[in-house]
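J.: need a 3D model of the following:
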Amino acid sequence: MANELYSTDVLVIGSGAAGMMAAKAAADKGSNVIISDKSLVGRGGATILAQMTVAVALGEAEGDNPDIHFKDTMEGARGLADPGIVRTIVDRAPEVILEVEGYGVNWARTNDGKRSQVVSPGHSRQRCVYVDILNTGGATSQGLRKSIWKDSKITRFKNVMITRLVKENGKIVGAVGFSMEKMVPFGISASQVILATGGLTEAFERNSASTNMTGDGFCIAADAGAELYDMEMVQFFPIAHLYPPLVGIDPIMWDPFRYKLGGRLLNGEHEEFMDRYAGEQAGKYTATRDMTSYAIFKEVEAGRGTPHRGAYLDFRMVPSEKLKEGFGPVIDILKSQGVDLTKDLVEVAPMAHFMLGGVKVDKDMNTTVPSLLACGELILGMHGANRLSGNAITEALVTGRIAGETAAAYQNHVFNPVVEEELTNEWEKLQDFWHPRNTNQDEGSMLSIRRNIQKALWKGAGPLRTKESLENALKDVRSLRDVCRKTALAKQDSFALSLVEKLEAYHMTLVGEAIILGALERRESRGAHVRLDFPEQQTETFHSKFTLTEAEKWEMEQLPVSKEESQ
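T.: Coordinates of the predicted model:
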């Protein structure tokens with residue numbers, strides 16, 4: 001079987017907003033770039049699903065500057081954000097937002113020609129730009145796709161799954177994996193490798209992720225020796241759709257309409273309750289995501305939840321004409337499925353939405369492994385224990401640009417033969433993984449294993465955690481990893497999705513174990529991490545550092561938080 005081998009200055013793995021921005025930035029600096037994705041380039045990941053806003057201190061709606069954006073973000077992070085990275089992102093955000101506007105991302109404007117900016121929870125200013133109320137992420141992805149498609153220095157590879165990074169003398173020199181379409185070994189030699197593979201929330205039963213966000217990047221980074229931090233910090237989106245069942249509707253679509261129309265959150269007794277937890281005034285939308293998630297679950301715990309164990313979202317006080325104007329065509333989609341917002345309540349509840357912890361990087365997006373960089377949702381730094389609405393795409397765009405600029409310092413790459421050697425070894429390991437010998441496990445359904453992993457993590461390590469629930473989840477996830485490993489799959493010559501699914505399921509168990517171990521050690525409630533048996537937030541806290549051994553065991557260390565971070 002012929003290997004597919006390539007050489008480039010900069011390899012970008014992942015093609016959401018962060019990956020595409022990194023590729024464009026490196027190419028702008030003169031580097032030859034390969035961008036690869038296990039899905040279609042520019043069509044997977046989280047960015048394309050994002051509906052709402054992008055936080056940037058342009059100051060066009062009211063007085064604002066990066067210092068205020070920095071302060072709001074640090075306060076929202078509950079003492080765990082990296083101030084250097086937050087400062088870097090908020091300072092460069094205005095420049096980068098204007099850059100992507102040049103790629104055709106048309107930020108909405110007011111009648112006087114200024115960019116329209118709105119307030120999002122946790123921000124003290126009208127700071128958040130948008131394209132339209134439901135398509136900001138899609139429009140951003142489209143603009144970036146066009147920009148990299150036109151660039152002759154960027155080569156794109158779709159349906160390529162990278163499974164391992166290649167090291168020589170402690171330095172990353174490329175990556176290996178396989179082409180799903182042809183089922184052939186695939187290797188890329190590169191001076192610098194940028195990981196932009198996104199998050200891991202597909203590992204939870206209730207999630208807003210695209211199905212390919214299975215934590216691959218965390219696993220291959222850790223396998224290469226990179227440090228991961230605060231893996232227990234997973235953000236749960238508070239008002240994701242719960243009931244009645246809807247078809248063709250994004251479960252987190254209610255948020256922008258609350259911004260626009262002021263929908264009320266009610267408990268099962270039809271009472272507003274957010275004032276009891278976050279001082280939120282009736283008709284306003286100011287509580288951060290962690291506080292809103294916590295409040296909903298406390299109401300359910302107190303017996304005041306809705307029939308499906310969530311909260312009601314109520315738009316009945318909004319005049320019908322304003323509802324039609326605010327919801328646009330969505331109002332008719334809802335009506336066709338039996339939901340009349342002038343009369344009906346819908347049930348909402350938290351779901352896994354965003355990874356807050358991740359790969360340790362410096363301000364230039366270098367990881368702790370030479371020649372390996374990371375950006376976007378994969379990294380630690382900006383959000384700490386709670387992400388402010390609007391900061392995700394900002395982080396993706398800015399950190400992607402910085403990673404590309406940093407990597408572009410290394411050009412004129414010559415193919416390293418170590419990559420071909422490691423590709424041969426990796427292909428043999430993959431064959432053994434997909435088709436294990438001496439196993440009693442019959443060919444099994446990877447979809448079934450995946451669902452069991454999701455259920456175990458949601459039940460034991462979801463929005464509300466206890467020692468008992470976490471220990472049960474740990475036992476289940478380790479058992480499911482063993483089942484996954486022993487499951488034999490039929491050999492396939494092309495588009496072997498079951499082989500991809502087995503790798504994804506294995507990665508889900510690995511990152512799931514890290515989440516659980518971190519949650520067991522963090523005996524406090526802080527931001528997105530809620531321990532019912534330790535409900536208070538400690539005065540002093542720590543970072544959880546994770547490294548992966550050759551035997552694929554997580555080693556953990558608690559590191560003190562600096563005084564600057566905790567403020």
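
J.: list the buried residues in the longest strand seen in the chain.
T.: Assignment by DSSP state E gives strand 184-195 as the longest strand of the chain. Buried residues in strand 184-195, counted by 16 or more other C-beta atoms under 10 Å: 185-195. Any C-beta I mention is one placed from the backbone N, CA and C, and that applies to glycine too.

J.: let me see the contact set for the nearest residue to residue 222 once chain neighbours are set aside.
T.: Nearest residue to residue 222, sequence neighbours excluded (C-beta to C-beta, 6 or more residues apart in numbering): residue 548, at 3.9 Å. For residue 548, the contact set (C-beta atoms under 8 Å, 6 or more residues apart in numbering) comprises 219, 222-223, 554-555.

J.: okay, residue 548: pLDDT?
T.: Residue 548 carries a pLDDT value of 97.

J.: and if you look at residue 396?
T.: 95.

J.: ok so it is a strand residue?
T.: No: counting by DSSP: H, G, I helix; E, B strand; the rest coil, residue 396 is not found in a strand; it is helix.

J.: do you know how far it is from residue 387?
T.: Residue 396 sits 12 Å away from residue 387, going by C-beta to C-beta, to the nearest Å.

J.: the more surrounded of those two?
T.: The neighbour count for residue 396 versus residue 387, taken as other C-beta atoms under 10 Å, is higher for residue 396 (34 against 28).

J.: which residues touch the more buried one?
T.: Contact analysis of residue 396 by C-beta under 8 Å, 6+ apart lists 16-18, 21, 47, 375-377.

J.: between those, which is closest to residue 135?
T.: The closest of the contacts of residue 396 to residue 135 turns out to be residue 47 (C-beta to C-beta; 11.6 Å).

J.: tell me which residues in stretch 3-14 are buried?
T.: So, applying 16+ other C-beta under 10 Å, buried residues of stretch 3-14: 5-14.

J.: again but with stretch 249-265, I slipped
T.: Across stretch 249-265, burial judged by 16+ other C-beta under 10 Å covers 250-265.

J.: which of the residues you listed fall in helices?
T.: Counting by DSSP state H, the buried residues of stretch 249-265 place 254-261 in helices.

J.: go through stretch 370-381 and flag the buried ones.
T.: Result for stretch 370-381 [16+ other C-beta under 10 Å]: buried residues 371-381.

J.: how about stretch 154-163?
T.: Within stretch 154-163, judged by 16+ other C-beta under 10 Å, the buried ones are 154-163.

J.: how about stretch 328-348?
T.: For stretch 328-348, by 16+ other C-beta under 10 Å, it's 330-331, 334, 339, 341, 345-348.

J.: what does stretch 200-216 give?
T.: Under 16+ other C-beta under 10 Å, the buried positions of stretch 200-216 are 200-210, 212-216.

J.: which two from the residues you listed end up farthest apart in space?
T.: 206 and 216 (20.9 Å).

J.: give the contact list for the nearest residue to residue 125 once chain neighbours are set aside.
T.: Ranked by C-beta to C-beta, 6+ apart and with sequence neighbours excluded, the top spatial neighbour of residue 125 is residue 64, at 4.3 Å. By C-beta under 8 Å, 6+ apart, the residues touching residue 64 are 57-58, 125-127.

J.: looking at those, which one is closest to residue 94?
T.: Using C-beta to C-beta, the contacts of residue 64 come closest to residue 94 at residue 58, 5.6 Å.

J.: the closest one contacts residue 96, doesn't it?
T.: No: using C-beta atoms under 8 Å, residue 58 is not in contact with residue 96, being 11.5 Å away.

J.: quick check: the residue minimising distance to the centre of the chain vs residue 173, distance?
T.: Nearest to the mean C-alpha position of the chain, counting by C-alpha atoms, centre = their mean, stands residue 199 at 3.4 Å. The gap separating residue 199 from residue 173 is 27 Å, by C-beta to C-beta.

J.: just to revisit the earlier point, can I get the buried residues of stretch 154-163 in CSV including pLDDT and secondary structure?
T.: Putting these into CSV (pLDDT from 0 to 100; DSSP: H, G, I helix; E, B strand; the rest coil) gives the following:
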residue, pLDDT, secondary structure
154, 97, strand
155, 97, strand
156, 97, strand
157, 96, strand
158, 95, coil
159, 95, coil
160, 96, strand
161, 96, strand
162, 98, strand
163, 98, strand
